[in-house]
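Student: Requesting a structural model of the entry that follows:
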Amino acid sequence: MNRGERKRVIVHRPIVRPVQAPRPGPAPLTEADLLMDPDRYASELLWIRDKRGDVIPFRLNPVQLRISEAKKRTRALGKPERYLTLKSRRQGVTTYEQALSFHGVATRANYQALTLAHDDKSTEKIFRIANLFYDTLIEDYRPRRLTASNKRDLNFPGLRSLYSIGTAGSRAVGRGDTLNRVHWSETAWSPGTKEDQRRTLAGLTEAASAGEVGLETTPNGVGDLFHEKFTEAMKGRNEWTPLFFPWFADPTYRLTVGESEALSIMRGLTEEESKLVVKHKLDAGQIAWRRMQIEELKHLFPQEYPEDWETCFLVSGQSFFDKAKINALFHDCKEPVHAREDGTFIQWQKPLEGRHYVCGADVAEGLREGNRSVMGVLDLESGEQVAVIRGKWPPEEFARLCADVATIYNTALLGVERNNHGHSCLNTLSNSIQYRELYYHKEYDSTGKGLPALGWPTSPKTRPIMLDDLREAVEGRYMAVHDRTLLEECRTFGPNERGRYEGLNGAYDDSLFAWGIAWQIRKVSSRHGSASLSKEYESAVQSSALGRMYSGDSIPVSVASFNQLPGRLY
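Tutor: A predicted model of the protein is given here:
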């Protein structure tokens with residue numbers, strides 16, 4: 001037998017501990033105990049680097065023990081070994097998962113374990129954990145390694161076992177393999193779109209169809225794949241086992257405080273701190289640590305050290321908007337005075353005589369699987385949101401809906417984005433309907449002469465101005481926001497891989513742009529006219545008796561086009 005290969009015949013004998021670091025403990029363990037129990041194997045044989053950088057024996061911390069117990073319960077119940085771990089920073093979750101993978105490949109024949117990291121730097125960092133396990137392992141239990149210089153795997157030919165690590169986003173990772181164990185670290189921070197992540201996960205779960213798959217991460221906002229899976233798992237809607245570890249699950253996250261300081265801290269608790277103390281039995285040392293971290297991390301604290309699983313998604317992740325301010329706005333949203341059941345038409349205030357209104361419209365193609373077309377209506381004087389239409393209609397039909405609603409709101413000034421499908425919508429409004437209050441954007445030629453052009457242009461020049469103005473209006477409460485869909489989109493609006501701001505992970509941003517255009521139209525002090533609205537069309541809109549939108553209202557006003565689209569509102 002080659003040196004370093006594990007004996008095939010198990011001899012029940014006490015473990016011989018390394019001379020350099022004898023470990024105190026109860027009665028000696030047998031070799032069979034170690035080979036069968038990954039936790040005992042880790043505690044007796046593996047070494048790690050602690051938070052100070054010192055190499056020390058691996059002792060399972062409270063979070064790691066809770067993960068171990070959760071996995072034992074899952075196996076005992078016969079459930080699929082699928083785990084979603086939402087965690088705080090530096091709780092040892094990744095280290096423990098690597099210990100489980102290392103135990104598998106170092107003690108079992110034909111065992112395949114794969115780890116995915118979210119970027120190259122993390123890939124190297126995690127692999128150093130596994131290398132340390134191997135380098136400090138007692139020689140009697142150290143399998144022969146095929147290539148010591150390989151930076152991406154531990155290949156043990158005597159056992160025909162392989163530990164490998166890759167970076168998420170690589171098309172080759174896990175493809176075509178048969179795996180016993182998969183660990184995907186920082187899933188929410190992995191590159192690619194939500195669909196890219198979904199394809200990666202599908203490949204991994206197929207490769208480990210009879211094994212274990214574990215995803216762990218700190219939160220990165222709403223809308224990504226991990227958020228979707230975790231939320232479903234918490235509601236019992238999928239086969240995954242969700243695990244959540246807030247920062248106070250780690251007993252080391254506390255400061256040492258004296259008796260008088262502790263008394264002062266507990267007497268000076270904020271309302272938020274008081275709720276945490278009551279709910280989670282936190283002490284003064286933990287509150288002091290929390291205050292120190294908030295002072296250092298500011299708005300990143302809830303992301304790095306979450307306190308409840310729902311809120312941490314809402315306040316984490318890269319975003320164009322201040323998520324704390326956006327979340328606070330939800331409480332101030334007014335309930336609609338009228339809303340269609342399918343959500344295509346919502347009113348928070350009916351039109352008032354003598355008031356002026358403006359509209360902004362973002363136009364989509366109208367496909368079932370595509371984006372939505374949205375038009376928002378603002379009170380010109382107050383900046384309050386008063387109505388919105390939102391759905392998936394062909395541009396021509398959306399144009400008629402826009403004209404209907406804008407007419408109801410005292411023939412409001414209507415600004416339609418002219419990019420892409422907006423041209424078709426504008427053509428219908430201008431030529432077929434002849435709506436008379438259309439926005440014209442002044443554009444300047446090479447001589448500096450301003451020429452009016454129909455519609456709002458979202459361009460590299462106007463886009464950042466529109467977004468900055470919208471952020472200021474929403475966060476500063478200059479726009480009275482009632483549209484919860486807008487606020488939801490603000491939560492998921494951030495920079496993509498190229499730095500361009502958009503709805504992340506496939507999230508919608510059409511309401512955001514519609515209200516952004518409406519706010520720009522509001523800034524225009526003069527009214528821009530077009531050919532007059534055809535009298536026949538205006539009369540039909542104002543007097544149609546089909547399905548009145550004002551239930552019980554004496555004003556005989558309806559939105560005719562909505563009632564002409566049976567079965568088309570999806």
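Student: Okay, now the unreliable bits of the stretch 201-350 of the chain?
Tutor: Across the stretch 201-350 of the chain, the ranges flagged by pLDDT under 70 are 314-318.
Student: What is the neighbour count of Thr178?
Tutor: With neighbours defined by other Cβ atoms under 10 Å, the count for Thr178 comes to 12. From N, CA and C alone the C-beta is placed, and that goes for glycine too.
Student: Let me see the residues that make contact with stretch 506-513.
Tutor: Contact with stretch 506-513 is made by 193-195, 222-223, 362, 364, 371-374, 376, 388, 390, 417, 458, 466, 470, 483, 485-486, 489-490, 492-493, 502-503, as judged by Cβ atoms under 8 Å, 6 or more residues apart in numbering.
Student: Count the neighbours of Phe244 for me.
Tutor: Phe244 has 17 neighbours, counted by other Cβ under 10 Å.
Student: ugh, wrong one, I meant Thr218
Tutor: Residues lying near Thr218 (other Cβ under 10 Å) number 22.
Student: I figured it hits Pro302, correct?
Tutor: No. In this structure, Thr218 is not within contact of Pro302 by Cβ atoms under 8 Å, at 10.3 Å.
Student: Stretch 54-62: which residues count as buried?
Tutor: The neighbour-count check on stretch 54-62 (16 or more other Cβ atoms under 10 Å) flags Pro57, Phe58, Leu60, Asn61 as buried.
Student: Oops, could you answer that again for stretch 122-139 instead?
Tutor: When burial is assessed from 16+ other Cβ under 10 Å, stretch 122-139 yields the following buried residues: Ser122, Thr123, Ile126, Phe127, Ile129, Ala130, Leu132, Phe133, Tyr134, Thr136, Leu137.
Student: Would you mind giving those as TSV with pLDDT and distance to Leu34 added?
Tutor: Output for the buried residues of stretch 122-139, formatted as TSV (pLDDT from 0 to 100; distance: Cβ to Cβ, whole Å):
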residue	pLDDT	distance to Leu34
Ser122	89	29
Thr123	90	29
Ile126	94	24
Phe127	93	24
Ile129	95	19
Ala130	94	18
Leu132	95	18
Phe133	96	14
Tyr134	95	16
Thr136	95	15
Leu137	95	11
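Student: Between the residues you listed, which sits nearest Phe330?
Tutor: Ser122 (34.2 Å; Cβ to Cβ).
Student: Wait, a helix at that closest one?
Tutor: Yes. Ser122 forms part of a helix when assessed by DSSP: H, G, I helix; E, B strand; the rest coil.
Student: how's this structure carved up into domains?
Tutor: The record, using automatic domain parsing to delimit domains, assigns the chain the ranges 32-245, 259-317, 329-563.
Student: Output these in CSV; the columns should cover distance to Pro251.
Tutor: As requested, the domains of the chain are exported to CSV (distance: least, Cβ to Cβ, whole Å):
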stretch, distance to Pro251
domain 32-245, 6
domain 259-317, 9
domain 329-563, 33
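Student: Run through the bridge partners of Gly450.
Tutor: Counting by DSSP bridges, Gly450 forms beta bridges with Tyr444.
Student: Could you check how far Thr252 is from Thr85?
Tutor: Distance, Thr252 to Thr85, by Cβ to Cβ, to the nearest Å: 19 Å.
Student: actually Met234, not the one I typed
Tutor: Counting by Cβ to Cβ, the gap from Met234 to Thr85 is 13 Å.
Student: what about those two, which has more around it?
Tutor: More crowded of Met234 and Thr85, by other Cβ under 10 Å: Thr85, with 26 against 16.
Student: Look up phi and psi at that one.
Tutor: Note on Thr85: backbone dihedrals following degrees, to the nearest 10 are phi -110, psi 110.
Student: quick one: which of the buried residues of stretch 122-139 is nearest Glu272?
Tutor: Taking Cβ to Cβ as the measure, Glu272 lies nearest Ser122 of the buried residues of stretch 122-139, at 32.2 Å.
Student: wait, doesn't that closest one sit right on Ser190?
Tutor: No. With contact defined as Cβ under 8 Å, Ser122 does not reach Ser190; the gap is 9.9 Å.
Student: Might you report the residue contacts of Val55?
Tutor: If you count contacts by Cβ under 8 Å, 6+ apart, Val55 has them with Trp47, Ile48, Arg49, Leu132, Thr136.
Student: model confidence over stretch 392-401, on average?
Tutor: The pLDDT scores in stretch 392-401 average 95.
Student: out of everything not next to it in sequence, what's closest to Arg89?
Tutor: Nearest non-adjacent residue to Arg89, counting by Cβ to Cβ, 6 or more residues apart in numbering: Glu304, 4.8 Å away.
Student: Great, nothing more from me.
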